[in-house]
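here are the coordinates; sequence isn't available:
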């Protein structure tokens, strides 16, 4: 199974809306391929989008999945693993997977979802404790970090492609998600905190520029190596929400040039951390989605199935421009076609 994740160590980069539109576009481009999506985020925003958005009962539909006797979510799966954290022999993925198109007709029917869940925050301390438990003959961290890998291996004959959306934390449940990814897309916006987010991501994933040797033995990259799990590679820096204009504003350009400079430096010293041969090949520019993006987020609608014209959002009538919608779809189609 080919697995691609969306993550940044900084919030507010438009990661979830980008993941939603990109995954839906990829599914539409590959209608014969069953696709699995993990929402490893306690806010579960991606799941609400798939299940209808705020305008079409996405929140209520998500609660219905959480309310099933066999909690149909990532939290339900982790809850099932907590009593037997080091045993992967009896995993049955089917009970945790839902079909978003059964709730939201705008979603391609080849998408399958393991929904996000606020239960993750409650589980976080327990999961971390289990991962750091000292048991003779057992690599506890490796066993717990492999929970999502165990899931994908148990259903790899059903799905060719898998996507993982993660929140900006680096908690143990995020590390579990990262350990299952082969490739990563790191969305950024044109601000200095986004640049620091990329620097932090490289440090957290690959152990680069750690402030002290004290951290070397226990960082994510070292533990992945000890466990024999290949860390994810950076596949793309998605320069998101740039501007509504044809050219990126000068102030934005200065920050984004800095991000690209950082990328070139790391790529030169450690090309093995990336899927691309030239840093310029790993940069993808996305202008602001404007009104169409707001409407899509509110209604849980991919650009590919959205209609232009006057639409309802929060009891207000909003005008979606036909050309703007077409431009957004073209960019997202290009993004999706570059996933693999």
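On my side now, so go ahead. Just so it is clear, the model here is predicted, and its values are computed rather than measured.

C-alpha only now, for contacts and for neighbours.
Fine.

Most remote residue from the middle of the protein, which is it?
residue 136 (34.6 Å; C-alpha atoms, centre = their mean).

which residues in the stretch 101-250 of the chain form helices?
For the stretch 101-250 of the chain, applying DSSP state H, counting those that start in this stretch gives helices covering 119-131, 140-145, 147-154, 172-179, 192-206, 220-227, 250-269.

residue ranges with poor pLDDT in the protein?
190-195, 209-218, 241-256, 312, 314-315 (pLDDT under 70).

Next, please give the residue ranges for the strands of it.
Counting by DSSP state E, one finds strands in the chain at the ranges 2-6, 35-40, 111-114, 161-166, 183-188, 233-239, 283-285, 309-313, 316-320.

can you list those strands in CSV and add mean neighbour count and distance to residue 299?
Formatted as CSV, the strands of the chain follow (neighbours: other C-alpha atoms under 10 Å; distance: least, C-alpha to C-alpha, whole Å):
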stretch, mean neighbour count, distance to residue 299
strand 2-6, 22, 22
strand 35-40, 25, 19
strand 111-114, 24, 18
strand 161-166, 24, 19
strand 183-188, 26, 23
strand 233-239, 22, 24
strand 283-285, 17, 25
strand 309-313, 13, 7
strand 316-320, 14, 12
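
Of the ones you listed, which is nearest residue 205?
The closest of the strands of the chain to residue 205 is strand 233-239. By C-alpha to C-alpha, the value is 9.3 Å.

hmm, back to that, so which of the helices of the stretch 101-250 of the chain comes closest to residue 339?
That would be helix 172-179 among the helices of the stretch 101-250 of the chain, by C-alpha to C-alpha, at 16.6 Å.

Tally up the residues packed near the closest residue to residue 53 other than its chain neighbours, please.
Nearest in space to residue 53, with sequence neighbours left out and distances taken as C-alpha to C-alpha, 6 or more residues apart in numbering, is residue 300 at 4.1 Å. Counted with other C-alpha atoms under 10 Å, the neighbours of residue 300 add up to 30.

tell me the contacts of residue 103?
Counting by C-alpha atoms under 8 Å, 6 or more residues apart in numbering, residue 103 touches 51-52, 61.

Now with 6 Å, please.
Residues near residue 103 by C-alpha atoms under 6 Å, 6 or more residues apart in numbering: residue 51.

Do me a favour and get the end-to-end distance for stretch 81-94?
Taking C-alpha to C-alpha, to the nearest Å, stretch 81-94 runs 15 Å from one end to the other.

now it, how far from the centre of its chain.
Going by C-alpha atoms, centre = their mean, to the nearest Å, the spacing between the C-alpha centre of stretch 81-94 and its chain's C-alpha centre is 23 Å.

Just give me the neighbour total for residue 135.
Neighbours around residue 135, by other C-alpha under 10 Å: 8.

Report the separation between it and residue 86.
11 Å.
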